[in-house]
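K.L.:
Take a look and give me a structure for this.
(2 chains)
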2 protein chains.
Amino acid sequence: MREVAVLGVGQTKFGELWDRSFREIGIEAGLEALVDAKLGSGDVNGLYLGNMAAGSLLSQEHIAPLIADYAGLAGRHLPVVRVEGGGASGALALHQGYLAVASGLYDFVVVGGAEKMTDVADATANQIASATADHEWEVVFGATLPALWALIARRHMHDFGTTSDQLARVAVHDHEMAGKNPLAHYRNRLTVEQVLGAGRVAEPLGMLDCSPLSDGAAAIVLGPLEGARKHTDSPIRIAASEVASDTMAVQHRTEITTLASTVAAAQRAFARARRAPADVRVAEIHDAYTISALLSLEDLGFVPKGGAGPAFAAGDFGPHGRLVVNPSGGLKAQGRPFGAVGVAQVAEIVRQLRGEAKERQVSGASVGLAHDVGGTGATSVVHLLERVN
Amino acid sequence: MREVAVLGVGQTKFGELWDRSFREIGIEAGLEALVDAKLGSGDVNGLYLGNMAAGSLLSQEHIAPLIADYAGLAGRHLPVVRVEGGGASGALALHQGYLAVASGLYDFVVVGGAEKMTDVADATANQIASATADHEWEVVFGATLPALWALIARRHMHDFGTTSDQLARVAVHDHEMAGKNPLAHYRNRLTVEQVLGAGRVAEPLGMLDCSPLSDGAAAIVLGPLEGARKHTDSPIRIAASEVASDTMAVQHRTEITTLASTVAAAQRAFARARRAPADVRVAEIHDAYTISALLSLEDLGFVPKGGAGPAFAAGDFGPHGRLVVNPSGGLKAQGRPFGAVGVAQVAEIVRQLRGEAKERQVSGASVGLAHDVGGTGATSVVHLLERVN
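P.N.:
Residues are numbered from 1 along each chain as shown, chains lettered A, B, ... in the order given. As a prediction, this is how the structure comes out:
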């Protein structure tokens, strides 16, 4: 297998993009990434597109050729593939693109992630998103994604003494970071009091503990590391791309406060990259709900189990912490266009490692991590990225 | 890239499987393929699952970890990925599994395809299947998959003199073949008169020119060709696995009687395998509608453009022809569980090349081809398989 580098990144604004269609945002992100990689569409060998639920949301399946077509690529008859793994669809698509380049079969691959959530009513979109949980064992009994994460939060509080105040600090942090990200869905500041006082969704999670439903797209161009400097002054090496799975239903896990798929993907990724959590200076982690961020930090190995709440409150993962998490604002504040998230996370890590993150630049970042989760953790994907000296 | 072999195949009955769930049929096919490959679930390194629309059909996304979980694999935290390309989803999943083994990243991969179409009303299932056409430029104006293929048929008749009688012979052939396939959805014989006399769906296509909505699943185990004889007496080499795309909407093509994605995928596959169409003795081709089979034969290079109707009527592709097509009965008679089709096609070619196809065995088959199409041809996938001497 040969080494793979990120040559270019692109991303639309995340938010309620009522004036633009799914195909439009997919193309916008892809073309921006190609321009960034100094490649023309004639150089592309294939497209991988991550998307959760365009069939249910837009009555449109078969979306990889759709995007290639409306990007003007139909005449090239490229191999194009849509990949789905719930909210981890974008990172899964990146994994497939990585494999395609690493295998030597393709040289240059565009990996896109796109989701249009706001063309249907919020309740409908939430119901569709809950299809990433176990329909027969969870959803038909009334469980939704926030309800399932609320169960996890309750147990985390019981076992480790985690508090609502600690959870709220995740949201406060994410909004603070998103304030410096012009592509973010929500850029307003929040206080702990606002988060604690917001309407309850599923106790102990309130409205401001939950990420929004967003529209948005992101794209990445991959190519061989060898020769990458023809395309970018700062090629970013993919040091590891690992996928792991777990039970669909939360109730089928021996411990519901651990995302076992995240533990497995992270351990494999650090082993493959010959790195340890302490090497990582910047990370985009899964924070669909405030509790998700705490589990992520623990299960990725950045803090012992049960320790994320106090560590977060102590500023360990803030802008001046040892590890800066979610400089983009995360799912909570940059926004959550499900299938786009995993690609956008890696795009942000690339901007950070290149030193192009402007106001939100993390100093001294040479190794970064991106962590994407589907459903309540039936799929986790971990990417480790490194600046090449 | 290393050589990849098919080590095992499995397949459920195709038909109206009201007594079994999506997860049950997915597991049944996968376990059969593993047993056939003399592998335990502990040997598997990953799962690729092809599926078109479980989100819309079953309110269940995120189905790759679902199948892995209920197959008892959750504790192994395997990398699992669902792949979608409309009706070509199964073949696309196989392409990804092929890449994973060829790259050297994984040794043994299970590729599954599964679809459950009959848990919703026929009209609903047909509407969901039409989501593989272009929603904004075709479907909202009332076009459905059979209507779009009917346009293609009309033009093929106009340009090349193809007749309804010639179309009918595809259906008659498929049902004759399916009579020898115990897994087939429809095993009854048809006459040309019955096909011509059936109720019209979209002129010139009648009910018996169209493939049925089926439930079903198929699975294949892939591994490195080196060492394959530990698992099977007859390893079948994947000589080529090629994917190509085209415009989503039929109206955006310069010629609607050619599936340009099929032409591209076939040319690339024959070039990669260093084979020509004349080397192929048995083929499973896309025949979702009788007209589809004629386009497929032409665009794969088995007969010049416009010549498939007369050649089919002359028996060139029948059980005693130079090339035997759809010994399984094809989509028309074996059945059409959309996402399972591409995997089942390759499973049938493997059985033929191994000499295990019993009553329907094609004599002298050492090279076989499988051809899967999504929508009206926005995606085509061609696999070339060879017996290893």
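K.L.:
Quick check: phi and psi on the residue lying farthest from the centre of chain A?
P.N.:
Here chain A reaches farthest from its C-alpha mean at residue A:75, the gap being 31.7 Å by CA atoms, centre = their mean. Recorded main-chain torsions at residue A:75 are phi -70, psi -20, according to degrees, to the nearest 10.
K.L.:
Residue A:109 too?
P.N.:
Dihedral angles (degrees, to the nearest 10) for residue A:109: phi -130, psi 140.
K.L.:
what's across from it in the sheet?
P.N.:
On the basis of DSSP bridges, residue A:109 is bridged to residue A:46, residue A:222.
K.L.:
Can you give me every residue that contacts it?
P.N.:
A:44-48, A:97, A:100-101, A:221-223 (CB atoms under 8 Å, 6 or more residues apart in numbering or on different chains). The C-beta positions use only the backbone N, C-alpha and C, and glycine is treated the same way.
K.L.:
That one and residue B:267, how far apart?
P.N.:
21 Å (CB to CB, to the nearest Å).
K.L.:
next one: residue A:283
P.N.:
45 Å.
K.L.:
For those two, indicate the residue with more neighbours.
P.N.:
The residue with more neighbours, out of residue A:283 and residue B:267, is residue A:283; 29 against 17, by other CB atoms under 10 Å in any protein chain shown.
K.L.:
which SS class is that one?
P.N.:
strand (DSSP: H, G, I helix; E, B strand; the rest coil).
K.L.:
Could you pull out the strands in chain A for me?
P.N.:
Under the criterion DSSP state E, chain A contains strands at A:4-11, A:46-50, A:80-84, A:109-115, A:200-202, A:205-206, A:216-224, A:236-245, A:282-284, A:324-325, A:367-374, A:379-387.
K.L.:
With respect to residue B:324, which of these lies nearest?
P.N.:
Of all those, it is strand A:80-84 that lies closest to residue B:324, at 30.1 Å by CB to CB.
K.L.:
quick one: the closest one to strand A:46-50, angle?
P.N.:
20 degrees (axes from the mean of the first three to the mean of the last three CA atoms, to 10 degrees).
K.L.:
how distant is strand A:80-84 from the center of its chain?
P.N.:
17 Å (CA atoms, centre = their mean, to the nearest Å).
K.L.:
Next: stretch A:363-372.
P.N.:
That offset, for stretch A:363-372, works out to 13 Å (CA atoms, centre = their mean).
K.L.:
wait, isn't residue A:69 in contact with residue B:378?
P.N.:
Yes - using CB atoms under 8 Å, residue A:69 is in contact with residue B:378, at 7.0 Å.
K.L.:
what sits in contact with each of the two?
P.N.:
Common neighbours of residue A:69 and residue B:378 (CB under 8 Å, 6+ apart) are B:245-248.
K.L.:
So for residue A:69 and residue B:378, which residue has more residues nearby?
P.N.:
Neighbours around residue A:69 and residue B:378, counted as other CB under 10 Å, are more numerous at residue B:378. The numbers are 31 against 23.
K.L.:
and residue A:250, what is it in contact with?
P.N.:
Contact analysis of residue A:250 by CB under 8 Å, 6+ apart lists A:133, A:138, A:148, A:151-152, A:256, A:376.
K.L.:
run the last query once more with 6 Å
P.N.:
A:148, A:256, A:376 (CB atoms under 6 Å, 6 or more residues apart in numbering or on different chains).
K.L.:
What residues does the stretch 201-350 of chain A have near chain B?
P.N.:
In this structure, the stretch 201-350 of chain A approaches chain B at residues A:243-248, A:261, A:264, judged by CB under 6 Å from any CB of the partner chain.
K.L.:
Just the closest of those to residue A:236, please.
P.N.:
Of all those, residue A:236 sits closest to residue A:243, with 19.7 Å by CB to CB.
K.L.:
Which residue comes closest to the closest one once chain neighbours are left out?
P.N.:
residue B:79 (3.7 Å; CB to CB, 6 or more residues apart in numbering or on different chains).
K.L.:
How much space separates the closest residue to residue A:347 other than its chain neighbours from residue A:111?
P.N.:
Take residue A:347 and drop its neighbours on the chain: the residue closest to it by CB to CB, 6+ apart is residue A:9, 4.0 Å away. Residue A:9 sits 10 Å away from residue A:111, taking CB to CB as the criterion.
K.L.:
Can you pull the residues that touch both of the two?
P.N.:
Joint contacts of residue A:9 and residue A:111 (CB under 6 Å, 6+ apart) are residue A:220.
K.L.:
Compare these two and say which is more crowded by neighbours.
P.N.:
Between residue A:9 and residue A:111, counted using other CB under 10 Å, residue A:111 has the larger neighbour count: 32 against 26.
K.L.:
Let me know the pLDDT of the residue nearest to that one when sequence neighbours are not counted.
P.N.:
Ranked by CB to CB, 6+ apart and with sequence neighbours excluded, the top spatial neighbour of residue A:111 is residue A:97, at 4.0 Å. Listed pLDDT for residue A:97 reads 97.
K.L.:
In CSV, list the contacts of residue A:250 along with pLDDT, neighbour count and distance to residue A:53.
P.N.:
As requested, the contacts of residue A:250 are exported to CSV (pLDDT from 0 to 100; neighbours: other CB atoms under 10 Å in any protein chain shown; distance: CB to CB, whole Å):
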residue, pLDDT, neighbour count, distance to residue A:53
A:148, 98, 24, 17
A:256, 98, 20, 25
A:376, 98, 31, 16
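K.L.:
just curious, which of the residues you listed is nearest to chain B?
P.N.:
Lowest distance from chain B to the contacts of residue A:250 (CB to the nearest CB) belongs to residue A:376, with 9.9 Å.
K.L.:
Ramachandran angles for that closest one?
P.N.:
phi -100, psi 20.
K.L.:
hang on, isn't it packed against residue A:148?
P.N.:
Yes - counting by CB atoms under 6 Å, residue A:148 is a contact partner of residue A:376 at 4.9 Å.
K.L.:
For residue A:118, which residues are in contact?
P.N.:
Residues in contact with residue A:118 (CB under 6 Å, 6+ apart) are A:16, A:215.
K.L.:
per-residue confidence at it?
P.N.:
So residue A:118 comes in at 96 (pLDDT).
K.L.:
Skipping adjacent residues, who's closest to residue A:25 in space?
P.N.:
Leaving aside its chain neighbours, residue A:25 sits nearest to residue A:217 (4.1 Å; criterion: CB to CB, 6+ apart).
K.L.:
so that neighbour makes contact with residue A:340?
P.N.:
Yes - assessed by CB under 6 Å, residue A:217 is found in contact with residue A:340 at 5.2 Å.
K.L.:
Make JSON lines from the shared contacts of residue A:69 and residue B:378 and add pLDDT to it.
P.N.:
Shown next, in JSON lines, are these (pLDDT from 0 to 100):
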{"residue": "B:245", "pLDDT": "98"}
{"residue": "B:246", "pLDDT": "98"}
{"residue": "B:247", "pLDDT": "98"}
{"residue": "B:248", "pLDDT": "98"}
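K.L.:
among those, which are in reach of chain A?
P.N.:
Near chain A, by the rule CB under 6 Å from any CB, you find B:245-248 out of the shared contacts of residue A:69 and residue B:378.
K.L.:
on that earlier part again, now the residue nearest to residue A:243, what are its backbone angles?
P.N.:
phi -70, psi 120.
K.L.:
That one against residue A:245, yeah?
P.N.:
No - with contact defined as CB under 6 Å, residue B:79 does not reach residue A:245; the gap is 7.0 Å.
K.L.:
The two: which is more packed in?
P.N.:
More crowded of residue B:79 and residue A:245, by other CB under 10 Å: residue A:245, with 33 against 29.
K.L.:
which residues touch the more buried one?
P.N.:
Here residue A:245 is in contact with A:261, A:378-379, B:65, B:68, B:77-78, B:80 (criterion: CB under 6 Å, 6+ apart).
K.L.:
for residue A:305, same thing?
P.N.:
Listed by CB under 6 Å, 6+ apart, the contact set of residue A:305 reads residue A:298.
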